[in-house]
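> Structure for the following, please:
(one chain, ligands or ions: 1)
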Amino acid sequence: MKILLIYSGGLDSTSALHVYKDQIGLAVSFDYGSHHNAREIAMARLNCADLGIKHEVIYMQEVMSDIKSSLLGDGKVPHGHYAEDNMKSTVVPFRNAIMLSIATGIADSNGFDAVMIASHRGDFAQYPDCTSDFNTSMSIAMEKGTHNNIQLLRPFQNDDKREVARRGVKAHMIPALTYSCYEGGEKHCGRCGTCVERIWALKGLNDMTKYDDPCYAQGILTEKGEW
Ligand SMILES: [Zn+2]
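A predicted model of the protein is given here:
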């Protein structure tokens, strides 16, 4: 099977890149103008070069200019645990559907069999376009709407982020060569939702990532009994 991977350069999709490297013919990154896109994409380039996988970047800033999220423009990224209500501001409305549609067009045009997305079980809490219902509907649309009946692959749909990270590390992913932080700074902040989740997921996996404030995440996770 020839797979196109939607590849941000974050922890989950870098895991997918390593686990399925023998079947991935093209990795596509979307720069939709978020604070962290540039640093993520730098990591995506690095991992693809290392594995010899073709990589393309699609620049979406203009297309996304009327879509509102705290991840875009001068939006302020909330701190804390992912499941908290204020994390809803980090949703980029219909982002996965937009990326999947473009990726499916590329896949159908270039002889691919499938598009892979690395969304996992834990993504469902905040993101309506990561739910099982959404993905089932989207996979039908992709298959029925293409000449090559493009399949949607979600290999991590039943895994939490810790399991995703473990699978990636087992396939020789180096966590420090991925980027997650919504703030988009040189070092991961350690305070935003994705940093807190990342620190939780990488516990015990020899994470060499530099965080501004790793104690903040550990405090929150301890409070919730997750550390
Ligand atoms: Zn962060």
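> C-alpha only now, for contacts and for neighbours.
Fine.
> what about stretch 71-83 and the ion, touching?
No. With CA under 5 Å from the ion as the criterion, the ion is not reached by stretch 71-83; the gap is at least 8.0 Å.
> Okay, buried residues for that stretch please.
Using 16 or more other CA atoms under 10 Å as the test for burial, stretch 71-83 gives 71-72, 77-82.
> Tell me which two of the residues you listed sit farthest apart.
Leu72 and His81 (19.8 Å; CA to CA).
> Surely Ala97 and Pro128 touch.
No. Under the criterion of CA atoms under 8 Å, Ala97 is not in contact with Pro128, lying 10.3 Å apart.
> mind checking the SS state of the residue of the chain most remote from its centre?
In terms of distance from the mean C-alpha position of the chain, His147 ranks first, at 27.4 Å (CA atoms, centre = their mean). Put simply, His147 is coil when judged by DSSP: H, G, I helix; E, B strand; the rest coil.
> Assess the claim that it and Ser109 are in contact.
No. Using CA under 8 Å, His147 is not in contact with Ser109; the gap is 9.0 Å.
> what are the phi and psi angles of Asn206?
phi 50, psi 50 (degrees, to the nearest 10).
> Burial check on it, number of neighbours?
11 (other CA atoms under 10 Å).
> List the residues that contact it.
The contact partners of Asn206, by CA atoms under 8 Å, 6 or more residues apart in numbering, come to none.
> Relative to Thr194, how far out is it?
In this view, Asn206 and Thr194 are 18 Å apart by CA to CA, to the nearest Å.
> ditto for Ser180
Ser180 is 6 Å from Thr194, by CA to CA.
> could you give the mean pLDDT of stretch 53-67?
Mean per-residue pLDDT for stretch 53-67: 91.
> Stretch 18-37 now?
When pLDDT is averaged over stretch 18-37, the result is 94.
> do stretch 129-138 as well
89.
> counting contacts, what elements does the strand ranked longest in the chain pack onto?
In the chain, taking DSSP state E as the definition, the longest strand is strand 24-31. Judged by 3 or more CA pairs under 8 Å, 6 or more residues apart in numbering; DSSP states H and E, strand 24-31 is in contact with strand 3-6, helix 37-51, strand 55-59.
> List the buried residues of the second one.
When neighbours are counted by 16+ other CA under 10 Å, the buried residues of helix 37-51 are found to be 37-41, 43-48.
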